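1. just to be clear, the model below is a prediction. Sequence and coordinates:
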Amino acid sequence: MKLLKKSVPRICGDVALTGLSVAILAGCKPASKDSPTPPAVKVATVTRGNPTIYQEWIGTLDGLVNAQIRAQVTGYLLAQDYHEGDRIKKGDLLFEIDARPFQAALDHANGMLKQAEARFGKTQLDVKRYAPLVKDKAISQEEYDNAVQANLEAEASVVSSKAEVEQAQLNLGFTRIVSPIDGVPNFAKAQIGDLVGQGSGELTTVSTIDPIKAYFSITEQEYVDFTRNFTTDSARSEQIKHVEAELILPDGTAYPFKGKIVALDRSVGLTTGALRVEALFPNPNNALRPGQFARVRVKADSKPDTVLAPCRAVSELQGSYQVAVVDADNKVHIQPVQIGERSGNQFIIESGLQPGQRVVVEGLQKVRDGATVTATNYVEGASSQPAPPH
């Protein structure tokens, strides 16, 4: 019985120890963890092409002609005869000023002219009548001379009265304010009932906007580079007329009509060191308006057989440039590059890349040198698809 009593706890103890060992071993086994997902990036393939190099400047649009419409006579504004913003023709009526005072002035001038003509007629008769009398000494020479001078004075009075009639007619005509050009009028700056005149400021502005001007400024060095190949002013002027310009609108799209550079300013700005340039663009639908800002782009050069990479793939670090290249195993290699001019949305790569390499375009902030990524093709304006390893 004693042996039986001693053996029972030993067996239980072994079972307990065995269970504890299993529990400890189970607790010490490391838990399985999922490996981190590689960051997703979008890549583009480095290509070789024949890019065209453009130079761009910020330009301001302005009317070909901007006619400031002002009142030339003083009077009360009776009517506005145009609709603001609509296209108008030369001679179209814009405003009307109360014409009654000017009609009265014209009638008075006509009356004075008739009086002057009547006096002139009388003095002419006097001269004719006195001419034979003075020969017969029936009248004195003085009386005849007085008649001749009175006739000359009456003749001058007629000329003066005719001028006053013409002026009165002009003033009456100025009460109808018409457009001097074809164009588009601005908002009126005077209201019906306002007293307007030469000192009251402009009533509105009419601008010819087809074609429309674009002003932009180039640096002195850019001007020197442009004119380096021309030895005479006539050759330069002729060449300028053949320089084609494009407009890039604020939304980034290209204006469908190309323009021409027509003039350069006579001098370089003393404070800016820039030369003002004027270009003309067709504007048949009045889509462009004075005061707009747009980028003016001019073809500067072409680079045949050149390595090209998207601008978005190039990042700058302390004055140097680098790209993130993705190899066939989807591993990233940060690589320095030397860039040249920009052509559209691509940079010319002078060194550091070869055609066919894949570079990260989107997701640069996620990658580091040596990291593995999940790459999809970047296609502008289209959905991304898995990028095959190269």
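-> Received, thanks.

2. low-scoring stretches of the stretch 251-390 of the chain, by residue?
-> Low-confidence segments of the stretch 251-390 of the chain, defined by pLDDT under 70: 381-390.

3. strands along that one, start to end?
-> 259-264, 274-281, 293-302, 306-310, 315-317, 320-326, 332-343, 346-351, 358-362, 374-377, 385-386 (DSSP state E, counting those that start in this stretch).

4. how about TSV for those strands, with distance to Asn186 added?
-> Glycine gets a C-beta too; all of them are placed from N, C-alpha and C. Shown next, in TSV, are the strands of the stretch 251-390 of the chain (distance: least, CB to CB, whole Å):
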stretch	distance to Asn186
strand 259-264	24
strand 274-281	20
strand 293-302	19
strand 306-310	44
strand 315-317	45
strand 320-326	48
strand 332-343	38
strand 346-351	42
strand 358-362	46
strand 374-377	51
strand 385-386	52
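
5. separation between Pro101 and Pro211?
-> With distances taken as CB to CB, to the nearest Å, Pro101 is found 42 Å from Pro211.

6. between the two, who's got more neighbours?
-> Shown here are Pro101 and Pro211; by other CB atoms under 10 Å, Pro211 has more neighbours (19 against 16).

7. domains in this protein, by residue range?
-> Domain segmentation of the chain under automatic domain parsing yields 42-51+304-386, 56-62+206-301, 99-174.

8. closest one to Gln68 among the ones you listed?
-> Set against Gln68 and scored by CB to CB, the domains of the chain come closest in domain 56-62+206-301, at 8.4 Å.

9. pull the contacting residues for the residue nearest to Gly344 when sequence neighbours are not counted.
-> Once flanking residues are discounted, Gly344 sits nearest to Pro51: 7.4 Å by CB to CB, 6 or more residues apart in numbering. Contacts for Pro51 were tallied using CB atoms under 8 Å, 6 or more residues apart in numbering; they are Ser302, Lys303, Thr306, Leu308, Ser343, Gly344, Gln346, Ile348.

10. flag every buried residue along stretch 149-158.
-> Of the residues in stretch 149-158, Ala150, Asn151, Ala154, Glu155, Ser157, Val158 count as buried by neighbour count, 16 or more other CB atoms under 10 Å.

11. need the three-state assignment for the first one.
-> Remark: Ala150 carries the secondary structure label helix [criterion: DSSP: H, G, I helix; E, B strand; the rest coil].

12. for the protein, which helix is longest?
-> helix 100-135 (DSSP state H).

13. point out the other helices and strands that it packs with.
-> helix 141-174 (3 or more CB pairs under 8 Å, 6 or more residues apart in numbering; DSSP states H and E).

14. so which bits of the helix it packs on are buried?
-> Neighbour-count burial for helix 141-174 [16+ other CB under 10 Å]: 144, 147, 150-151, 154-155, 157-158, 161-162, 164-165, 168, 171-172, 174.

15. out of the residues you listed, flag the one nearest to Gly59.
-> Looking across the buried residues of helix 141-174 and measuring by CB to CB, the closest to Gly59 is Phe174, at 37.6 Å.

16. gap between the residue nearest to Gly344 and Asn186?
-> Counting by CB to CB, the gap from Pro51 to Asn186 is 43 Å.

17. in the stretch 101-250 of the chain, where is pLDDT below threshold?
-> Checking the stretch 101-250 of the chain against pLDDT under 70 turns up 228-238, 241.

18. I'd like to know how many residues surround Leu113.
-> 20.

19. same question for Glu380.
-> Glu380 has 9 nearby residues by other CB under 10 Å.

20. list the residues that contact it.
-> Here Glu380 is in contact with Asn345 (CB under 8 Å, 6+ apart).

21. how far away is it from Ile212?
-> In terms of CB to CB, Glu380 sits 30 Å off from Ile212.

22. ditto for Ala375
-> 46 Å.

23. how about Glu155?
-> Counting by CB to CB - Glu155 and Ile212 are separated by 54 Å.

24. over to Pro38?
-> 53 Å.

25. if you count surrounding residues, which of these two has more?
-> The neighbour comparison of Pro38 against Ile212 (other CB under 10 Å) goes to Ile212, with 25 against 16.

26. can you give the strand pairings for the strand or helix carrying that one, parallel or anti for each?
-> Using DSSP states H and E, Ile212 sits within strand 202-219. If you go by DSSP bridges, strand 202-219 pairs up with strand 52-70 (antiparallel), strand 184-185 (antiparallel), strand 274-281 (antiparallel).

27. nearest to Gly319, of those?
-> The nearest among those, by CB to CB, is strand 52-70 at 22.3 Å.

28. mean confidence (pLDDT) on the helix or strand following that closest one, please.
-> Later in the chain than strand 52-70, the nearest helix or strand by DSSP H and E is strand 75-80. What strand 75-80 shows for mean pLDDT is 94.

29. angle of strand 75-80 against strand 202-219?
-> 80 degrees (axes from the mean of the first three to the mean of the last three CA atoms, to 10 degrees).

30. angle of strand 75-80 against helix 141-174?
-> 40 degrees.

31. what is strand 75-80 packed up against?
-> Looks like strand 75-80 contacts strand 93-97, strand 195-196 (3+ CB pairs under 8 Å, 6+ apart).

32. can you put those in TSV and add mean neighbour count?
-> Formatted as TSV, these follow (neighbours: other CB atoms under 10 Å):
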stretch	mean neighbour count
strand 93-97	19
strand 195-196	18
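
33. those strands into JSON lines, with extra columns for distance to Trp57?
-> Converted to JSON lines, the helices and strands packed on strand 75-80 look like this (distance: least, CB to CB, whole Å):
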{"stretch": "strand 93-97", "distance to Trp57": "36"}
{"stretch": "strand 195-196", "distance to Trp57": "41"}
